[in-house]
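[1] Sequence and predicted model, in that order:
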Amino acid sequence: MKRKALITGISGQDGSYLAEFLLKKGYQVHGIVRRVALENPIQRLWRLNKIIKKIHLHSGTMDNYASIFKIFNQVKPNEFYHLAAQSYVDYSFQDQFSTLNSNIASTHYCLSAIKESGLKTKFYFAGSSEMFGKVKQIPQNENTPFHPRSPYGISKVTGFDLTRNFRESYGIHASSGILFNHESEKRGFEFVTRKISRAVASIKLKKQKYLELGNLNAQRDWGYAPEYVKGMWMMLQEKNPDDYVVGTGETHSIKYFAEKAFDTLGLNFQKYIKINKKFYRPAEVDILVADSKKINSKLGWKAKTKIDKLIEIMVINDFKLLK
Ligand code: G4F
């Protein structure tokens, strides 16, 4: 019998790559999406285009325990990947209530569904390097204390704590991946990397004059998203559940990313960047860099794509799309 996986957030960047990956591994893949997404698949499910006929989509809402429990109980998955979240950090300052309520409650609901069902389903929680926030050490590993700097970061710390607590209290095979920034051609346009790659292509094609950004000095550990979903799966194949930091171990500033991105199409970034304070955050996470020794040595996972290649992939993709 095929193993079954249930994915929340299947229509997002990570969810769609994970679904592709699991299909290749021979899984029966199920995903939870909002009813409005099923009604408007062209706009809302574009990341699943390639595989939409091969997966099973269930209409549900993450804000409602009954909805999650019903789908979970219908599918009875072997593996449950909880990726759905309000994941845009800047927006989490503007709408603290919905970010906190929905990100925390949805994780609680997923874990409770497993507990109440009594099934031996393995659980993955999408933790985030935003949990480290005002970092206590460089690089950050699984023992680095958390100091989140945004409602989003706080919601992820709580999700992480819930996951560990259900593991310790009820013996659920529940693991958290503490993923550092991971980008791709499927990245949402509100995140800085895609905002830059899209703008570079658009400026090159004379459809846009300049690009407005916020803080150029923040540093991030950026990797290539398709590689990271494999790490999620590897965690659930382990005998024992655990938590893992997942990143490249290299960090670069937003300025570096922008400079290289403009370079890719032969443009000088200084001519096109304008700083707009409206893109600054009330509290910034200044530097993130992963110490991924644990996942390297225990699971054999390692990031392959380097930053310059990632930038090239994203810029060329946007250039082709816009052309
Ligand atoms: O691309 P960002 O919005 O990503 P951020 O905040 O690092 O969060 C992403 O990675 C996390 C993993 O650590 C995920 F958990 C989270 O869900 C999300 O995927 O911003 C990156 C940096 C920030 O320091 C921000 O201040 O870019 C800076 N920045 C400068 N100008 C900007 C802009 N960010 C955005 N989005 N837009 C700007 O114009």
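    Structure received.

[2] how about the helix or strand bottoming out on mean pLDDT in the chain as PDB, C-alpha atoms only?
    Sorting the helices and strands of the chain by mean pLDDT, DSSP states H and E puts helix 41-44 at the bottom, at a mean of 92. Output in PDB follows, covering the C-alpha atoms of helix 41-44 (Å, rounded to 0.1, in the frame of the first residue of the first chain):
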ATOM      1  CA  PRO A  41      -7.000  27.400  -9.100                       C
ATOM      2  CA  ILE A  42      -5.300  29.500 -11.900                       C
ATOM      3  CA  GLN A  43      -4.500  32.300  -9.400                       C
ATOM      4  CA  ARG A  44      -4.200  30.400  -6.200                       C
END
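
[3] show me where this structure has strands.
    In the chain, strands defined by DSSP state E lie at 4-8, 28-33, 56-59, 79-82, 122-128, 174-179, 182-183, 211-213, 219-220, 223-224, 243-246, 252-253, 273-275, listed in chain order.

[4] Name the strands paired with the first one and say parallel or antiparallel.
    Read it as strand 4-8. strand 28-33 (parallel), strand 79-82 (parallel) (DSSP bridges).

[5] hey, which of the ones you listed is tucked in deepest?
    strand 79-82 (a mean of 26; mean count of other Cβ atoms under 10 Å). (Glycine included, C-beta is placed from N, CA and C.)

[6] what residues does that one touch?
    Applying Cβ atoms under 8 Å, 6 or more residues apart in numbering, the set of residues contacting strand 79-82 from outside is 3-9, 15, 18, 27, 72, 106-107, 110, 114, 121-126, 232-233, 236.

[7] Spell out for me the ChimeraX command that would select the buried members of those residues.
    Only the buried entries of those go into this ChimeraX selection, using 16 or more other Cβ atoms under 10 Å:
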select :4,5,6,7,8,9,15,18,27,72,106,107,110,114,121,122,123,124,125,126,232,233,236
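
[8] Kindly report the residues of the stretch 151-300 of the chain close to the ligand.
    180-181, 190-193, 195, 213-215, 218, 220, 254, 279, 281, 284, 288 (Cβ under 6 Å from any ligand atom).

[9] which parts of the stretch 1-150 of the chain sit against the ligand?
    Counting by Cβ under 6 Å from any ligand atom, the stretch 1-150 of the chain sits next to the ligand at 87, 89-90, 128-130.

[10] Which pair of those residues spans the longest distance?
    D90 and S129 (15.9 Å; Cβ to Cβ).

[11] Any idea what F123 is bridged to?
    The partner residues for F123, given DSSP bridges, come to F80, A174.

[12] nope, R220 is what I meant
    Taking DSSP bridges as the rule, R220 bridges to H252.

[13] which residues touch it?
    If you count contacts by Cβ under 8 Å, 6+ apart, then R220 has 180-181, 251-252, 254, 288 around it.

[14] Please apply the same query to P148.
    Contacts of P148 (Cβ under 8 Å, 6+ apart): 130-133, 154, 156-157.

[15] hmm, 7 Å instead?
    Counting by Cβ atoms under 7 Å, 6 or more residues apart in numbering, P148 makes contact with 130-131, 133, 154, 157.

[16] what do you get for A218?
    Counting by Cβ under 7 Å, 6+ apart, A218 has contacts 253-254, 284-286.

[17] taking those residues one by one, which sit in helices?
    I254 (DSSP state H).
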